[in-house]
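In: got a sequence here, can you build the structure:
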Amino acid sequence: MQFTENRKISVKLNDGYIFAAVIFFALFLRLFDLNNRPFHTDEAVHAIKFGELLETGKYIYDPVEYHGPTLNYFSLISARLFGEKTISEINETTLRVVPAIISVILIILLFSIKSEMNKFLVLLIGFLISISPIFIFYSRYYIQESMLVSFSYSAIITFYKYFKTKNILWIICSAIFCALIFCTKETSIITFFAGFSSLMILYFLNKEFKSRLFFYKKHLVLFAIIFVGISILFYSSFFTNPNGIFDSLKTFTNYFSKAGNNADHVQPWFYYFNFLLFTNNNLFFFTELPVFIFALFGLYFIFSIKNQQNYLFRFISLFTIIQSIVYFIIPYKTPWLALNFWIGFLFISAFGIYSILKILLAKKIKIIFILVIILLLGHNIYQTYLTNYKFPYQLENPFTYSQPTPVVISAAKKIIEVADSTNKNIYVHVISENNDYWPLPWYLRKLKNVAWNNSIPNDIYLFELIIATPNFEDELINKLYTLPEPGKINLYVPLFDDYTSIRPNVEIRGFIQNSLHEKYLRNLNTISQ
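Out: Next comes the predicted model:
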């Protein structure tokens, strides 16, 4: 049962049109209504970091925070294309379009292997990845994870093309993608570990694979030169920050420390499968269990059938299993990290579906099975609709993680309205313990005089508008009415009428000088008249 055998499942229509349709469908799902949920904290942090590069032209890699430089430099391309030159000009769509488009590179490259294997199988893999609810959700996030995954599997595909053809073009492409993996996020060390381990397992346990795996020395040298060259280019900020080269290695020490000791994100070992395979709430029922079940079948067919030379799928299977084990063991867990191994399960699941369909090809039951697969694909499209468009920020969405709601946008809008309708140079002070005020800095980026603090300074009474978390309220009121000199005490009134939170369970309260508030209300009445 080989990919080259005579009995095949083939794509009847023009392949090019079908593959193009899948790619455009993937793009549509990732780009449609990109601004339909507020910026997550991580998105806001990366956006503000990018703002420095956009406005100053300078980028300094930080081995402790922000991850790798690729997101910033690719965002620079997006901002230039949209004609935006300052942080106040850019918006969520300008930034989110970067990971959205890069995530589709994997799907485009996937179709480059259609000449090496059955076209129906390649199309099925491409379609599963195109409509994957979790992949689409985090491809619409301004974070590195979907880029890391896209670069990782693009590197695998291009390496496989080199393995099959020994064409120097493919080893160049693989080197570029491997460098981009390294330059995207420090978790690349897990990617490289899983990739190298998978290759070694195949090499030592499969004699035929061992005999076919060889490289031209000049190709290996070229691979190394390209990998190192691109890595130096990005981490040195295009030779303006040589220390970034050493920091790119130092970051792994920080990562392993964070992965084991960050209590805020410590989850049980089964956390990923818990929300991927079964999420039931008062909004909708979510499950990727059918994909997982077919992946189990896929693993059986990939490793059990004799004389099968499906090296790509055996490598991806090992790569997926190793990554799964590593991410399950590491206590530090966030939902987007599941992307790293779940994309592999989509490959394997597609292989399982394809293999079962081949077995049933000459039997009447194949029609029932085909209907089941159509229902599965339709169900995934429906789940994509629910998680990405109908409930994009709700707590019940299995992919949201400390996700702000539109309340944060309304709060920021009111603060900006006060500034615009009274005095655009008003002084605002935001206070939150441990600097936990994100994503407010993004939404208040147009204001020039904003102070950010994790404690209350003694000159707080000089600020006309104060935003603080409830735990500071008593101390704040005490300082506002005891520290100023007699006769210079200002009355402060609440800015927000209702409960206001920047994230779930992170409440903020606004305090505004009464004279400024009255001026704001008068101006509002004048505008309404």
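
In: using PDB, list the CA coordinates for the strand or helix carrying residue 104.
Out: Using DSSP states H and E, residue 104 falls within helix 92-110. Provided in PDB are the C-alpha atoms of helix 92-110 (Å, rounded to 0.1, in the frame of the first residue of the first chain):
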ATOM      1  CA  GLU A  92      -5.200  45.900  15.000                       C
ATOM      2  CA  THR A  93      -5.800  44.800  11.400                       C
ATOM      3  CA  THR A  94      -2.400  46.200  10.200                       C
ATOM      4  CA  LEU A  95      -0.700  44.000  12.800                       C
ATOM      5  CA  ARG A  96      -2.800  40.900  12.800                       C
ATOM      6  CA  VAL A  97      -2.600  40.600   9.100                       C
ATOM      7  CA  VAL A  98       1.100  39.600   9.500                       C
ATOM      8  CA  PRO A  99       0.600  36.200  11.300                       C
ATOM      9  CA  ALA A 100      -2.600  35.600   9.300                       C
ATOM     10  CA  ILE A 101      -0.800  35.700   6.000                       C
ATOM     11  CA  ILE A 102       2.300  33.900   7.200                       C
ATOM     12  CA  SER A 103       0.200  31.000   8.500                       C
ATOM     13  CA  VAL A 104      -1.000  30.400   4.900                       C
ATOM     14  CA  ILE A 105       2.600  29.900   3.700                       C
ATOM     15  CA  LEU A 106       2.400  26.400   5.100                       C
ATOM     16  CA  ILE A 107      -0.700  25.600   3.100                       C
ATOM     17  CA  ILE A 108       0.800  27.000  -0.100                       C
ATOM     18  CA  LEU A 109       4.000  25.000   0.300                       C
ATOM     19  CA  LEU A 110       2.000  21.900   1.100                       C
END
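
In: got the angle for the helix or strand just after it vs helix 92-110?
Out: As assigned by DSSP H and E, the chain's next helix or strand after helix 92-110 is helix 119-131. Put simply, helix 119-131 runs at 170 degrees to helix 92-110, going by axes from the mean of the first three to the mean of the last three CA atoms, to 10 degrees.

In: for helix 119-131, the averaged confidence score.
Out: Averaged over helix 119-131, pLDDT sits at 94.

In: so which elements touch the helix holding residue 104?
Out: Contact partners of helix 92-110 among helices and strands, from 3 or more CB pairs under 8 Å, 6 or more residues apart in numbering; DSSP states H and E: helix 15-31, helix 41-56, helix 70-81, helix 119-131, helix 133-139, helix 145-165. In short, each C-beta sits where N, CA and C put it, glycine included.

In: return the set of buried residues in it.
Out: Judged by neighbour count (16 or more other CB atoms under 10 Å), helix 92-110 contains these buried residues: 92, 94-110.

In: who touches stretch 276-292?
Out: With contact meaning CB atoms under 8 Å, 6 or more residues apart in numbering, stretch 276-292 is reached by 128, 133-134, 273, 338, 342, 345-346, 349, 376, 379-380, 383, 386-387, 391, 394, 396-398.

In: ok, now with 6 Å
Out: Outside of stretch 276-292, the residues within contact range by CB atoms under 6 Å, 6 or more residues apart in numbering are 349, 376, 383, 386, 391, 396, 398.

In: also stretch 187-204?
Out: With contacts defined as CB under 6 Å, 6+ apart, stretch 187-204 is touched by 152, 181-182, 209-210, 252, 315, 318-319, 322-323, 326.

In: using PyMOL, define a selection of the buried residues within those residues.
Out: Selecting the buried subset of those in PyMOL, with 16+ other CB under 10 Å as the burial test, is done by:
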select buried, resi 152+181+182+209+315+318+319+322+323+326
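
In: got a markdown table for the contacts of stretch 187-204, with secondary structure and distance to residue 415 too?
Out: As requested, the contacts of stretch 187-204 are exported to a markdown table (DSSP: H, G, I helix; E, B strand; the rest coil; distance: CB to CB, whole Å):
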| residue | secondary structure | distance to residue 415 |
| --- | --- | --- |
| 152 | helix | 41 |
| 181 | helix | 40 |
| 182 | helix | 40 |
| 209 | helix | 61 |
| 210 | helix | 65 |
| 252 | helix | 40 |
| 315 | helix | 53 |
| 318 | helix | 52 |
| 319 | helix | 48 |
| 322 | helix | 48 |
| 323 | helix | 43 |
| 326 | helix | 43 |
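
In: follow-up on the earlier one: the contacts of stretch 276-292 in helices, which ones?
Out: Counting by DSSP state H, the part of the contacts of stretch 276-292 found in helices is 349, 376, 383.

In: contacts only, for the first one.
Out: What that stands for is residue 349. With CB under 6 Å, 6+ apart, residue 349 has these contacts: 291, 294-295, 298.

In: nearest to residue 494 among those residues?
Out: Nearest to residue 494 among the contacts of residue 349 is residue 291, at 49.2 Å by CB to CB.

In: what about that closest one, neighbour count?
Out: By other CB atoms under 10 Å, 24 other residues sit near residue 291.

In: kindly report the same for residue 496.
Out: 18.

In: for it, give its distance to residue 413.
Out: The gap separating residue 496 from residue 413 is 11 Å, by CB to CB, to the nearest Å.

In: what does stretch 299-306 rub up against?
Out: Residues from elsewhere that reach stretch 299-306 (CB under 6 Å, 6+ apart): 1, 313-314, 317, 348, 355.

In: likewise stretch 401-411?
Out: By CB under 6 Å, 6+ apart, the residues outside stretch 401-411 that reach it are 38, 40, 334-335, 393, 439, 500-503.

In: would you mark the buried spots in that stretch?
Out: For stretch 401-411, a neighbour-count test (16+ other CB under 10 Å) marks 401-405, 407-408, 411 as buried.

In: now find how far off-centre it is within its chain.
Out: Relative to its chain's centre, stretch 401-411 lies at 18 Å (CA atoms, centre = their mean, to the nearest Å).

In: how about the CA coordinates for that stretch, as PDB?
Out: Output of stretch 401-411 as PDB, limited to C-alpha atoms (Å, rounded to 0.1, in the frame of the first residue of the first chain):
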ATOM      1  CA  TYR A 401      -7.200  33.000  27.600                       C
ATOM      2  CA  SER A 402      -7.500  36.000  29.900                       C
ATOM      3  CA  GLN A 403      -9.100  37.700  26.800                       C
ATOM      4  CA  PRO A 404     -10.300  41.300  27.200                       C
ATOM      5  CA  THR A 405     -13.800  42.100  26.200                       C
ATOM      6  CA  PRO A 406     -15.100  45.300  24.400                       C
ATOM      7  CA  VAL A 407     -15.400  46.900  27.800                       C
ATOM      8  CA  VAL A 408     -11.700  47.800  27.700                       C
ATOM      9  CA  ILE A 409     -12.300  49.600  24.400                       C
ATOM     10  CA  SER A 410     -15.200  51.500  25.900                       C
ATOM     11  CA  ALA A 411     -13.200  52.500  28.900                       C
END
